[in-house]
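Colleague: Here is a sequence together with a model predicted from it:
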Amino acid sequence: GSSCEKCDFETDLCRALHELNLQPGWIRRNGRSGMGPPYCDHNGNDSAYFLLLSSEMRSSSAALRTNVFLPTDEEHVCQISFHYWISQTSGTLMVGLQKHSEDTITNIWQDSGELQNQWKANTITINSTEKYEV
């Protein structure tokens, strides 16, 4: 069966993300925070929360890691849908897959923001025969 978990950052970081693995640089904020754009979320709501990578982190990278997901098969498909915003100053947003038998993270999607300063949506389908994190 399908089990969907919606994550909107309204109260916390959502169960899918490791609270402890939130690296320095990520800020939970909304459009009213006075920190510059974006001034609203993808629905145009200025009080809705989202995560922002601080501009002070411009020279380096910071990751968000999910909890462990179970292997996928024909019955258990994994799709991750998300909205994202890339500003003029930022670099590249990447989604990586780390299988439990591997030390390396495989890059499965990225965007460096040709269409900047606007919300975009994306859905990624993940296939893995073993437990994994994203």
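Modeller: On my side now, so go ahead. Residues are numbered from 1 along each chain as shown.
Colleague: for the chain, which spans come out with low pLDDT?
Modeller: Applying pLDDT under 70 to the chain flags residues 1-3, 18-23, 57-59, 88-90, 115.
Colleague: what about Ile86, how many neighbours?
Modeller: Per other C-beta atoms under 10 Å, the neighbour tally for Ile86 reads 20. Bear in mind the C-beta positions are built from the backbone N, C-alpha and C, glycine included.
Colleague: what's the spacing between Gly25 and Asp73?
Modeller: Between Gly25 and Asp73 the distance is 36 Å, computed by C-beta to C-beta, to the nearest Å.
Colleague: Between those two, tell me which one has more neighbours.
Modeller: Between Gly25 and Asp73, counted using other C-beta under 10 Å, the more crowded position is Gly25 (16 against 10).
Colleague: and the more buried one, what is it in contact with?
Modeller: Neighbouring residues of Gly25 by C-beta atoms under 8 Å, 6 or more residues apart in numbering: 53-54, 56-57, 60, 62.
Colleague: Also Ile27?
Modeller: Neighbouring residues of Ile27 by C-beta under 8 Å, 6+ apart: 35, 51-54.
Colleague: how would you label it: helix, strand or coil?
Modeller: Put simply, Ile27 is strand when judged by DSSP: H, G, I helix; E, B strand; the rest coil.
Colleague: And for Ser47?
Modeller: State at Ser47, reduced to three classes by three-state DSSP: coil.
Colleague: quick one: the closest residue to Arg29 other than its chain neighbours and Gln98, what's the gap?
Modeller: The spatially closest residue to Arg29, leaving aside those adjacent along the chain, is Leu52, at 5.4 Å (C-beta to C-beta, 6 or more residues apart in numbering). Distance from Leu52 to Gln98, counting by C-beta to C-beta: 24 Å.
Colleague: sorry, back to before: and the contacts of Ile27, which are buried?
Modeller: Listed as buried from these are 51-53; burial here means 16 or more other C-beta atoms under 10 Å.
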